[in-house]
Structure formats: C-alpha cells, structure tokens
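Student: The amino acid sequence is not available; the structure is as follows:
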C-alpha cells in the first residue's frame, strides 16, 4: 500500500492514516461539543465572525445514497444514534457550536440527480467527510470514481473516509475498502484518513469508532486555515 500508509490502533476503531507523511500520531484531541441548532438555510463561507461571533467552520458530508450519511451526521452532531432510512433530497445542514468555532455540517444527497452539485460546495469547506457503505460491494467502484473526481483538483483538502456499516454481515474491512477505493493513488500531500464505523441502535450513545471520527474531524477543522 506504499510507505505513506500508517496503521493506527484506536480504542474501538480501526483507522488508516494516509498522506502528509503519516505524521499524525497526536490527532486525538478532546473537543467539547455544545449546543445543536438545525436549519435549512445555506450557511455562509467560513471566516472570523462579526461582533464577537464564533468563526464559521464548514464540513461537507458526501457519499452515495444509502451509505448512511444522515445517520452519521446525526451521530457526529449529537453523540446519540438516530437512524435514518429516508434519502436526503437536497441539503441537510446541522450546526454545532463549540468553544472555538461554529461547526457547520452540510450533507448533500447522494442520488444521481444531486451528485452534480457536490463540486460546487468543495471550495467553501475545510474538511470533506466521505461516507461509504462497506457492505455495498457492487457500488464501491462508483464510490471510488466519484471520490477521485472530487479530490483531483485539490491536493490539500483534508479527507475523512468513513467505511460505514462495519456491523453488517459481508462488510469489507478497512484494508479492503482502502484497496477498493484505490486510496494509494491519491498522493501523499493531503491529510487523508479511513475509519471503520457503524451506527448502533436508536437512542444509544454513539460507538467508540464514531467518537474517534468526531474527534478527528474536530482536530482537522481546528488546524485548517
């Protein structure tokens, strides 16, 4: 898989750290997530807030329809599980305020009719979260193609790939997902991470792997310009 690939063992989660020399040993950093506000309006680009307001930090959540993006988004924002089976039609926006910034998660539906809008939002975000259904073997080639199209024009955008639905029978492990998505072909310049995740039962606390993913995203956002 190349010298740029480093395996990192996290409590309850499997993670592959790729690119940027793999020098990311100290990414685990506790972030206190405060209030949650939902809204359908399109947030403005990030920057220093006016009149003492928190700076806005945007994270784009993409992936094929059925990958579990909405359930993942709810888990990241609230630390509790709420499964969603209805496909996202348009944009699902969740705002999470922290002590340092206002985190704006933008999820765009993954159906074929909505994928043309994905690239429009890339220039305004600090981190890309790409969700893959680990058990959907048939569509992994399409997931790979779309991911490579997204990142080919920006070699520095940090990417967190969630190999979701690891709890399903027949789900590929993250090493297999790494190969299926041809991540060794994405280069060494960007910060790229692959984490195995799953969404537990409704009402329960999020899994340790999802906690690790949330902490990693917060760390990447805090370091982004």
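Tutor: Everything's here; your move. In this text the structure is predicted, and so the values were computed from the model without any measurement.
Student: distance of residue 154 from residue 128?
Tutor: 9 Å (Cβ to Cβ, to the nearest Å). C-betas here are computed from N, CA, C, even on glycine.
Student: With neighbour numbers in mind, choose between the two.
Tutor: Neighbours per residue (other Cβ atoms under 10 Å) separate residue 154 from residue 128, with residue 128 holding more: 24 against 13.
Student: For that one, identify the helix or strand it belongs to.
Tutor: strand 127-133 (DSSP states H and E).
Student: got any residues that touch both of residue 154 and residue 128?
Tutor: residue 122 (Cβ atoms under 8 Å, 6 or more residues apart in numbering).
Student: Wait, a helix at residue 210?
Tutor: Yes - counting by DSSP: H, G, I helix; E, B strand; the rest coil, residue 210 is found in a helix.
Student: That one: neighbouring residues, count only.
Tutor: 25.
Student: Surely it is in contact with residue 76?
Tutor: Yes - the pair residue 210 / residue 76 is scored as a contact, 7.1 Å apart, by Cβ atoms under 8 Å.
Student: Pull out the buried positions in stretch 120-133.
Tutor: 121, 124-133 (16 or more other Cβ atoms under 10 Å).
Student: low-confidence ranges in this protein?
Tutor: Applying pLDDT under 70 to the chain picks out residues 1-56, 79-90, 97-101, 200-204, 225.
Student: Quick one: the helices in it, in order.
Tutor: Along the chain, counting by DSSP state H, helices occupy 69-78, 118-121, 140-151, 174-180, 208-223.
Student: Would you mind putting those into TSV with distance to residue 102 alongside?
Tutor: Below are these laid out as TSV (distance: least, Cβ to Cβ, whole Å):
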stretch	distance to residue 102
helix 69-78	12
helix 118-121	17
helix 140-151	24
helix 174-180	31
helix 208-223	11
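Student: looking at the ones you listed, which is closest to residue 187?
Tutor: helix 140-151 (9.0 Å; Cβ to Cβ).
Student: Show me the strands in this protein, by range?
Tutor: Remark: strands assigned in the chain by DSSP state E are 6-10, 13-18, 33-38, 56-62, 91-98, 102-108, 127-133, 159-164, 192-196.
Student: Identify the bridge partners of residue 95.
Tutor: Here residue 95 sits in beta bridges with residue 37, residue 104, going by DSSP bridges.
Student: hmm, back to that, of all pairs in the buried residues of stretch 120-133, which one spans the longest distance?
Tutor: Farthest-apart pair in the buried residues of stretch 120-133 is 124 and 133; separation 26.4 Å (Cβ to Cβ).
Student: coming back round to it: what's the most buried one of the helices of the chain?
Tutor: A comparison of these by mean neighbour count, using mean count of other Cβ atoms under 10 Å, puts helix 69-78 on top with a mean of 23.
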